[in-house]
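[1] quick one: sequence and predicted model below, then my questions.
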Protein chains: 2
Amino acid sequence: MSTIKAVAARAGVSTATVSRALSNPEIVQPETRARVQEAIEALHYAPNHAAKSLRMLRTSKIMVMVPDVSNPFFSEVLRGAEEAAQAAGHSVLLGDTRGDESREAQYAEMLLRKEADGLIFLGHRMPPSLARVVAARGAQAPLVNACDFSAEHGVAGVHIDNARAAAEAMGLLYSMGHCRVGVIAGPLESHLTRERLAGVRRAAVAAGAERGLAVVHADYTIESGLQETTRLLAAAGRPSAVFCFSDEIAVGALSACRARGVACPAGLSIVGFDDVRYARFLDPPLTTVRQPMAEIGRTAVKLLLDILAGEPAPAEPVTLAHELVVRASTGPAA
Amino acid sequence: MSTIKAVAARAGVSTATVSRALSNPEIVQPETRARVQEAIEALHYAPNHAAKSLRMLRTSKIMVMVPDVSNPFFSEVLRGAEEAAQAAGHSVLLGDTRGDESREAQYAEMLLRKEADGLIFLGHRMPPSLARVVAARGAQAPLVNACDFSAEHGVAGVHIDNARAAAEAMGLLYSMGHCRVGVIAGPLESHLTRERLAGVRRAAVAAGAERGLAVVHADYTIESGLQETTRLLAAAGRPSAVFCFSDEIAVGALSACRARGVACPAGLSIVGFDDVRYARFLDPPLTTVRQPMAEIGRTAVKLLLDILAGEPAPAEPVTLAHELVVRASTGPAA
DNA sequence: GATGAAGATGTAAAGCATTACATCAGGGAG
DNA sequence: CTCCCTGATGTAATGCTTTACATCTTCATC
């Protein structure tokens, strides 16, 4: 590829002028600009990004770290993030961690090597190698935690009110007369799980149904949802409803019902979480807590770009609105 | 952040030695190496990627361009690609094009600016700005076309045998006695659509059922699947089966059936394409053509890395195995 | 003891674009 | 006519790392 030098030579100007013609066209004489333009086209010149990035100390890239791109929830958040980044002239570096700590560390390292200007992470763990950055800059560190936010991290964040959302979901079930309710939660290490469980308990207490609560833990996959639901259905005093911490888990639950010949919602009401794109197309259509996935992604990017632009970080994490979407997978207790 | 110079100064060696200690540890004396190591840790040194990349003329990044990350098919391919890239020490730059030509051009431009070493694109359009690269280097250009491959592009590619897969899907329907079959295809601009339609016709001819064929076009979304199916169901001589060119379309078809009170498969057999992760959990579980999505992603990356390593590109595009997965959404014609 | 080879480390160029500062020309004001 | 300011453009330093080549030890060999 040709360099700025070649373009300058051909146009009979200095490299400075070429650079200016590209980044500040209005300060170069129109005819000079035209000559430069001609040379650029003739030589098919495209500025080398590494050189620019080295000089400017900015990469125009943001790293987005997700536990699993192929999970419909994360891919939707990712899409929102990509959209916002792109609109702001940044591009997205994707890190799929598979929940693996060493992979997380590896991606975090990229921030230190200045391969990206900032990092958005969707998960409950904050990479230890970034601890120093956070210690030094606090919420001004170019880090945003999305979804599974914990104030302990001391970084900017965006999420929904998980406790309230969970309480509302349980409230729906209780209002329908269910008193034995299974909860298929996520792993306890996750702050998000603990938040939602707090909401669950609050609702149970309010309904005076604590004794009927059965909490089990899954890992957000369809398979584990199937397995845990099967276990709940087999137990004595089996629940008449389950609240799943993700739609994937709920799909597993539906599948377990089908396998055991339990009708939904007649035999088991099911509530999911997220409202992924196919939730409404399941049979029965899934009652679930909608998270504004794309909006979470966009907001995370916005927060990050604000931080990068040096704006004072908001003291509080951003809380977005959720919505309990009632469909046909829930019905009155028998 | 500290630079290699600072590390060198602290360790009392030259920058060359620091560099060697990092990239070629075995050629530096163990005690020197230890001193360097100490300095690196003390100063929290991490090599600046832009500088490295400028010097080496390599970025260790590959751009993956998809029409829609949140589509479960693409996100699964993406995941495979990310995995393979990461394993080979590269990282993935994500480009979500939304099928928008100008966005495609923008991402392609990044290749020219050397923001990435290579590009994998999942779509039917080859960005025009890359035409020169291809003209110059042919299949040695750092480009790989995945899924929707066309030989016209003249670049490396990976895909399944779409014509055969489509013929098999239709063959299944014909073998079940369906003679009026609707086909909800993709847009005709796409080479992949034309390939599959060729397979469809071949099967129809073989079954002597050409007259019963009704081909309509959707854009691979659930919504358009719903709409086109509704149209097919409303038409005179309505089909007893539909073959959808994606599972998303099939979800729309299922949804249309439900809306019109048509039972599946009793009233309408449905075949999808892709076998996305939730296809088996739909009700009824979807009969579909499984594409090895993650494998496609991995293979695309492998091809690209081979090209980047200067290995002679395979003369032929890689064809991976598909599989017709028969589930409960198909049944004998009434 | 001289010669050469091998191994360790240093020197400095190269990779490419941006931009502060310098320079130069032209026009307006006094 | 001279001085100064403004606007356009050039000069050169800067960002940081890698690596070819140069240098210097050290050890083995004849």
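    Perfect, thanks for sending it.
[2] what does the lowest-mean-pLDDT helix or strand in chain A contact?
    In chain A, no helix or strand scores lower on mean pLDDT, DSSP states H and E than helix A:131-137, which sits at a mean of 88. With contact meaning CB atoms under 8 Å, 6 or more residues apart in numbering or on different chains, helix A:131-137 is reached by A:Leu111, A:Leu112, A:Met126, A:Ala141, A:Pro142, A:Leu143, A:His153, A:Gly154, A:Val155, B:His44. Using the backbone N, CA and C atoms, a C-beta is placed for each residue, glycine as well.
[3] now, of those residues, which are buried?
    Using 16 or more other CB atoms under 10 Å in any protein chain shown as the burial test, the contacts of helix A:131-137 include A:Leu111, A:Leu112, A:Met126, A:Ala141, A:Pro142, A:Leu143, A:His153, A:Gly154, A:Val155 as buried.
[4] is it true that the second one touches B:Pro47?
    No - with the criterion set as CB atoms under 8 Å, A:Leu112 and B:Pro47 do not qualify as a contacting pair; they are 9.3 Å apart.
[5] which residue packs closest to A:Lys302, ignoring adjacent ones?
    A:Ala84 (6.2 Å; CB to CB, 6 or more residues apart in numbering or on different chains).
[6] list the buried residues for the helix or strand containing the one you found?
    Counting by DSSP states H and E, the element that carries A:Ala84 is helix A:72-87. For helix A:72-87, a neighbour-count test (16+ other CB under 10 Å) marks A:72-86 as buried.
[7] before we move on, what about stretch A:190-203?
    Using 16+ other CB under 10 Å as the test for burial, stretch A:190-203 gives A:190-197, A:199-203.
[8] quick check: mean pLDDT of stretch A:268-276?
    Summarised as a single mean, pLDDT over stretch A:268-276 is 98.
[9] just the CA atoms of that stretch, as CSV, please.
    Extracted in CSV, the C-alpha atoms of stretch A:268-276 (Å, rounded to 0.1, in the frame of the first residue of the first chain):
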residue,chain,number,x,y,z
LEU,A,268,-46.9,-25.8,35.3
SER,A,269,-46.8,-22.1,34.8
ILE,A,270,-43.5,-20.9,33.5
VAL,A,271,-42.0,-17.4,33.7
GLY,A,272,-38.8,-16.6,31.9
PHE,A,273,-36.4,-13.6,31.9
ASP,A,274,-35.0,-11.5,29.1
ASP,A,275,-37.7,-11.8,26.4
VAL,A,276,-35.3,-12.9,23.7
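[10] pretty sure A:Phe245 is touching A:Ile184, no?
    Yes - contact criterion CB under 8 Å: A:Phe245 and A:Ile184 qualify, at 6.3 Å.
[11] mind listing the shared neighbours of these two?
    With CB under 8 Å, 6+ apart, A:Phe245 and A:Ile184 have common neighbours A:Ala218.
[12] in stretch A:292-311, which residues are buried?
    Buried residues in stretch A:292-311, counted by 16+ other CB under 10 Å: A:292-305, A:307-308.
[13] so what touches that stretch?
    Under the contact criterion CB under 8 Å, 6+ apart, stretch A:292-311 has outside partners A:62, A:64, A:73, A:76-85, A:88, A:90, A:117-120, A:139-144, A:146-147, A:156-160, A:274, A:276, A:313-314, A:318, A:320-322.
[14] ok, now which ones touch A:Cys264?
    A:Cys264 sits next to A:Leu254, A:Cys257, A:Ile270, A:Pro284, A:Ser329 when contact means CB under 8 Å, 6+ apart.
[15] what's the nearest residue in chain A when you look at chain B?
    Residue of chain A nearest chain B, by CB to the nearest CB: A:Asp283 (3.4 Å).
[16] would you say that residue is within a strand?
    No - under DSSP: H, G, I helix; E, B strand; the rest coil, A:Asp283 sits outside any strand and is assigned coil.
[17] could you report the separation of it from B:Ala263?
    For A:Asp283, the distance to B:Ala263 (CB to CB, to the nearest Å) stands at 12 Å.
[18] these two: who's more crowded?
    Each of A:Asp283 and B:Ala263 has its neighbours counted (other CB atoms under 10 Å in any protein chain shown); A:Asp283 has more, 18 against 11.
[19] give me the pLDDT for the residue nearest to A:Pro128 when sequence neighbours are not counted.
    In space, and not counting its chain neighbours, A:Pro128 is closest to A:Ala105: 7.1 Å by CB to CB, 6+ apart. We note a pLDDT of 95 for A:Ala105 in this prediction.
[20] I figured A:Ala105 was touching A:Leu130, is that so?
    No - applying CB under 8 Å as the test, A:Ala105 and A:Leu130 come out as separate, 9.3 Å apart.
[21] neighbour count: those two, which is higher?
    The neighbour comparison of A:Ala105 against A:Leu130 (other CB under 10 Å) goes to A:Leu130, with 22 against 15.
[22] now that one. Nearest residue, chain neighbours left out?
    Spatial nearest neighbour of A:Leu130, chain neighbours left out: A:Ala108 (5.2 Å); criterion: CB to CB, 6+ apart.
[23] next: A:Thr15.
    Leaving aside its sequence neighbours, A:Thr15 sits nearest to A:Ala8 (CB to CB, 6+ apart; 4.5 Å).
[24] quick check on that neighbour: phi, psi?
    Dihedral pair for A:Ala8: phi -60, psi -40, per degrees, to the nearest 10.
[25] now the residue located most distally from the centre of chain A: how far from DNA strand D?
    Distance to the chain centre peaks in chain A at A:Gly12, reaching 50.1 Å (criterion: CA atoms, centre = their mean). According to CB to the nearest atom of the strand, to the nearest Å, A:Gly12 and DNA strand D sit 6 Å apart.
[26] now A:Asp247
    Distance of A:Asp247 to DNA strand D, computed by CB to the nearest atom of the strand: 44 Å.
[27] if I look at the residue in the stretch 51-200 of chain A that DNA strand D sits nearest to, what pLDDT would I see?
    When scored by CB to the nearest atom of the strand, the stretch 51-200 of chain A has A:Arg55 as its residue closest to DNA strand D, at 3.8 Å. Looking at A:Arg55, its pLDDT stands at 96.
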